[in-house]
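In: Structure for this input, please:
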Amino acid sequence: MTAKGALKKRSMRIAGHRTSLALEPEFWAGLERIARARTQTLPVLIASIDETRGRDTPEASLASAVRVFVLEHRI
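Out: So this is what the prediction gives:
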């Protein structure tokens, strides 16, 4: 069992390259709900967040951009 607030790391391929992303389980759960609602895979959803981040806030880390996205799109 993961402690509340502890980071969980996942590796995936987004935009043609391997990347690892460490988020709290609550954010992973939120991402999974959003991806299901949009009928997207997690890598596809994260790639779209990364693309927006690169355009709008390139100084932000991907993990930060994902957290903000989940908070803005809670379902």
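In: I'd like to know how far the residue most central in space within the chain sits from residue 16.
Out: Central residue of the chain (Cα atoms, centre = their mean): residue 66, 4.1 Å from the mean position. Distance, residue 66 to residue 16, by Cβ to Cβ, to the nearest Å: 19 Å. Any C-beta I mention is one placed from the backbone N, CA and C, and that applies to glycine too.
In: number of nearby residues for the residue nearest to the residue nearest to the centre of the chain when sequence neighbours are not counted?
Out: Excluding its sequence neighbours, the residue lying closest to residue 66 (Cβ to Cβ, 6 or more residues apart in numbering) is residue 49, at 5.6 Å. The tally of other residues near residue 49 (other Cβ atoms under 10 Å) stands at 20.
In: start the count at 143, not 1, going forward
Out: Okay, residue one is now 143; in that scheme the one you just asked about reads as residue 191.
In: Could you say which helix or strand holds residue 191?
Out: Per DSSP states H and E: residue 191 is located in helix 184-198.
In: what mean pLDDT does that helix have?
Out: Helix 184-198 carries an average pLDDT of 92.
In: What lies in contact with that helix?
Out: For helix 184-198, the surrounding residues in contact (Cβ atoms under 8 Å, 6 or more residues apart in numbering) are 152, 154-157, 163, 173-174, 176-177, 180, 182, 202, 204, 207-208, 211.
In: Would you mind writing the CA trace of the helix or strand following it as PDB?
Out: Next helix or strand after helix 184-198 toward the C-terminus (DSSP H and E): helix 204-214. The C-alpha atoms that make up helix 204-214 are tabulated as PDB, following Å, rounded to 0.1, in the frame of the first residue of the first chain:
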ATOM      1  CA  LEU A 204       5.500  17.900 -16.900                       C
ATOM      2  CA  ALA A 205       4.500  16.600 -13.400                       C
ATOM      3  CA  SER A 206       3.300  20.100 -12.400                       C
ATOM      4  CA  ALA A 207       1.400  20.600 -15.700                       C
ATOM      5  CA  VAL A 208      -0.300  17.200 -15.200                       C
ATOM      6  CA  ARG A 209      -1.300  18.100 -11.600                       C
ATOM      7  CA  VAL A 210      -2.800  21.500 -12.700                       C
ATOM      8  CA  PHE A 211      -4.600  19.700 -15.600                       C
ATOM      9  CA  VAL A 212      -6.200  17.200 -13.200                       C
ATOM     10  CA  LEU A 213      -7.300  19.900 -10.900                       C
ATOM     11  CA  GLU A 214      -8.800  22.000 -13.700                       C
END
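In: Perfect, I'm done here.
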